[in-house]
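Visitor: Provide a 3D model corresponding to the input given below.
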Amino acid sequence: EVQLMESGGGLVQAGGSLRLSCVGSGFTFDDDYAIAWFRQAPGKEREAVSCIAVSEIDATYYADSVKGRFTISSDNVKNTAYLQMNSLRPEDTAVYYCYASQIWSGKNYWGQGTQVTVSS
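Guide: Got it, this is the predicted structure:
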């Protein structure tokens, strides 16, 4: 069974940090998958936060709103992706979702989401 499982969300004060993890099972990240983090705040559309092409070194994307504060990475041995979030702001409050897409086949999977709440 293919599964993505996020963890690491929680409540943090503005200026604090969290590290989200996304563990994949039933498939392997380095089989040409791009791993992305999306987030959805109440009443807003889901938006892309960051993405990494696991098979391409340094192939990353960051939304302008998180550049310089968030860092995406992956550990192919652990089949896990991470999102290190620093200098968190109240506007970062959202449910964060992990998403995996195989670049050449279009196969894609979503995690169940993890809540991040940043208090002011």
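Visitor: If you count neighbours, what's buried in stretch 68-79?
Guide: By 16 or more other C-beta atoms under 10 Å, the buried positions in stretch 68-79 come out as 70-72, 74, 79. C-beta here means a position set from N, CA and C on the backbone, and glycine is covered the same way.
Visitor: got any ranges where this protein has weak pLDDT?
Guide: 56-58 (pLDDT under 70).
Visitor: can you pull out the helices in it?
Guide: Counting by DSSP state H, the chain has no helices at all.
Visitor: so where do the strands sit in the chain?
Guide: If DSSP state E is used as the criterion, the strands of the chain fall at 3-7, 10-13, 18-25, 33-40, 47-53, 60-62, 70-75, 80-85, 94-102, 108-110, 114-119.
Visitor: Provide the strand pairings for the last one, with the direction of each partner.
Guide: Strand pairing for strand 114-119, determined by DSSP bridges: strand 10-13 (parallel), strand 94-102 (antiparallel).
Visitor: wait, which of these is closest to Ser55?
Guide: Counting by C-beta to C-beta, Ser55 lies closest to strand 94-102 out of these; the figure is 10.3 Å.
Visitor: Residues contacting that closest one, please?
Guide: Contacting residues not belonging to strand 94-102 are listed as 4, 6, 9, 20, 22, 24, 27, 29, 31-41, 44, 46, 49, 81, 83, 107-116 [C-beta atoms under 8 Å, 6 or more residues apart in numbering].
Visitor: how near is the residue most central in space within the chain to Asp31?
Guide: With distances taken as C-alpha atoms, centre = their mean, Trp37 lies nearest the centre of the chain, 2.8 Å away. Per C-beta to C-beta, to the nearest Å, Trp37 is found 19 Å from Asp31.
Visitor: before we move on, the earlier item: could you let me know which of the buried residues of stretch 68-79 ends up closest to Pro90?
Guide: Phe70 (15.4 Å).
Visitor: Show me what that closest one is bridged to.
Guide: Assessed by DSSP bridges, Phe70 has beta-bridge partners Met85.
Visitor: My guess is it contacts Val49. True?
Guide: Yes: at 6.7 Å, Phe70 counts as touching Val49 under the criterion of C-beta atoms under 8 Å.
Visitor: Brilliant, that's me finished.
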